[in-house]
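Undergrad: Show me the folded form of this:
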Amino acid sequence: MQSTVLCLASYFKGGLFIEECKRLGCHTILVTTQKTEHEAWPRHAIDEFFMLPLPNLGREPDITNAISYLAREREIDRIVALDDYDVETAASLREHMRMPGIGASQARYFRDKLAMRTQAATHGVPVPPFVAVLNYRRLSDYMNRVPGPWVLKPRSEASSMGIKKMHTADEVWAALNELGDRQSTFLLERFIPGDVYHVDSVVWDGEVAFASVQKYGLPPMTVYHGGGVFASSTVLHNTFEEEALLASNRHVIGAMGMHHGVTHTEFIRGEHDGQFYFLEIAARVGGAGIDQLVGFATGINPWTEWARVEVAHLRGEQYHLPAHRSEYAGLIVSLARRVASTSAYNDPELVWRLSKSHHVGFIVASHDYDRVQWLVGNYVDRIAQDFSASAPPLDRLPQ
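TA: A predicted model of the protein is given here:
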């Protein structure tokens, strides 16, 4: 019997995942929202396309009723969340329908910043000192014991959204007073300045089958709140930096109990001590073109491999990682204040251009680490002058 994979996507992403599922012989269903109706979905690879009149797919009981209705006439074998905001929704649906995969409690390790920090710390993974925004006595003790500045973080927003830097206890108490009943959905954490890295992995049978280590040009929080050009590039291979991050990544994935799938994990290297601290992990492919960055450096696209992993697990088959390489690539992306030609960016190492309204972006790739680093730095400066724009940061996505 043909296997059926149902994909949830509150936002436009994951086309390569759907295409690979279809290529592997699956019946594919996409459930998305009306605002993505006209996006460039790979409709040739989608057998059934459903748009729900919801701002996102997490609204209950609407989403459970909708997917349960589809299940009346279909044998749904797997539910996959293509976007970070759909991870908990997919987990809840799996629980409701008694399906394999990450359940509601485990999903918190990949969405709830408090849950993932607590779990990581319990397993001996270094994390910045943090405290839940729950008990005021503990909050006071924490701020007396841990010197500021601190960051007040939403527990379940994506990336740097909603994060605020605080320098005094008075600032913290004022922010909590403004949050009111929402304050328990935040945590307080020591702000550690340093370089931020991401490790993008494919996981099979509880082990990391593949991982690629990249370093951000500016920390995402800096770009999100202060503007600037987003950049990320492959770290130098066979160095302490790479090996330490690969080991930390394996430690974190083991702590979270991931059995199969993909992860995007972020770490910071503290300026004050050189130690790598765990920041967050997501059970999804990195956004903003990171899948292409990894693909051009290694020959492995995380979206494609995720589909292969899911289908192999569904069919009781063994997953085999394809042959890959260890080269270098750099990604540069920015909001664009004007629409103009990018033809002046024409180096032979340029392998990808972003096609997205009001954005400009490139990927450069080479076997030469120093050449990639030079190009990334050069492109960041040129884009900042030629195109760069900024938008006010959102505390929360519109509902």
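
Undergrad: which residues of the stretch 1-150 of the chain fall in helices?
TA: Using DSSP state H, counting those that start in this stretch, the helices of the stretch 1-150 of the chain run over residues 15-23, 62-71, 87-97, 104-107, 113-122, 136-145.

Undergrad: what comes up buried for the first one?
TA: Judged by neighbour count (16 or more other CB atoms under 10 Å), helix 15-23 contains these buried residues: Gly15, Leu16, Phe17, Ile18, Glu19, Glu20, Cys21, Lys22. (Each C-beta comes from the backbone N, C-alpha and C, glycine too.)

Undergrad: Please identify which of those is nearest to Asn177.
TA: Using CB to CB, Phe17 comes nearest to Asn177 of those, at 43.1 Å.

Undergrad: Quick check: that closest one vs Gly261, distance?
TA: From Phe17 across to Gly261, the span is 11 Å (CB to CB, to the nearest Å).

Undergrad: Glu178 too?
TA: Using CB to CB, Glu178 is found at 37 Å from Gly261.

Undergrad: of these two, who's got more company?
TA: Regarding Glu178 and Gly261, a neighbour count based on other CB atoms under 10 Å identifies Gly261 as having more, with 23 against 9.

Undergrad: Spit out the contact partners of that one.
TA: Listed by CB atoms under 8 Å, 6 or more residues apart in numbering, the contact set of Gly261 reads Ile102, Val203, Ala283, Trp306, Val309, Glu310.

Undergrad: right, and out of those, which lies closest to Leu152?
TA: In terms of CB to CB, no member of the contacts of Gly261 lies closer to Leu152 than Ala283, at 24.4 Å.

Undergrad: any chance of the helices of the stretch 1-150 of the chain in CSV, plus distance to Pro128?
TA: Shown next, in CSV, are these (distance: least, CB to CB, whole Å):
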stretch, distance to Pro128
helix 15-23, 32
helix 62-71, 34
helix 87-97, 23
helix 104-107, 23
helix 113-122, 8
helix 136-145, 12
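
Undergrad: Ile163: which of those is closest?
TA: helix 113-122 (9.7 Å).

Undergrad: roughly how far is the closest one from the heart of the chain?
TA: 17 Å (CA atoms, centre = their mean, to the nearest Å).

Undergrad: And stretch 80-100, by the same measure?
TA: Here the centre of stretch 80-100 is set off from its chain's centre by 16 Å, with CA atoms, centre = their mean.

Undergrad: mind saving the C-alpha coords of that stretch as PDB?
TA: This file holds the C-alpha atoms of stretch 80-100, laid out as PDB (Å, rounded to 0.1, in the frame of the first residue of the first chain):
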ATOM      1  CA  VAL A  80       5.600  16.200   9.600                       C
ATOM      2  CA  ALA A  81       5.900  19.800  10.700                       C
ATOM      3  CA  LEU A  82       7.800  21.800   8.100                       C
ATOM      4  CA  ASP A  83       7.900  25.000  10.200                       C
ATOM      5  CA  ASP A  84       9.100  25.600  13.700                       C
ATOM      6  CA  TYR A  85       5.600  26.900  14.800                       C
ATOM      7  CA  ASP A  86       4.000  23.600  13.700                       C
ATOM      8  CA  VAL A  87       6.300  21.300  15.800                       C
ATOM      9  CA  GLU A  88       4.000  21.200  18.800                       C
ATOM     10  CA  THR A  89       0.900  21.100  16.700                       C
ATOM     11  CA  ALA A  90       2.200  18.000  14.800                       C
ATOM     12  CA  ALA A  91       3.200  16.400  18.200                       C
ATOM     13  CA  SER A  92      -0.300  17.000  19.600                       C
ATOM     14  CA  LEU A  93      -1.900  15.500  16.500                       C
ATOM     15  CA  ARG A  94       0.400  12.400  16.700                       C
ATOM     16  CA  GLU A  95      -0.700  12.000  20.300                       C
ATOM     17  CA  HIS A  96      -4.400  12.300  19.400                       C
ATOM     18  CA  MET A  97      -4.100   9.900  16.500                       C
ATOM     19  CA  ARG A  98      -1.600   7.600  18.300                       C
ATOM     20  CA  MET A  99       1.000   7.900  15.500                       C
ATOM     21  CA  PRO A 100       4.800   7.400  15.700                       C
END
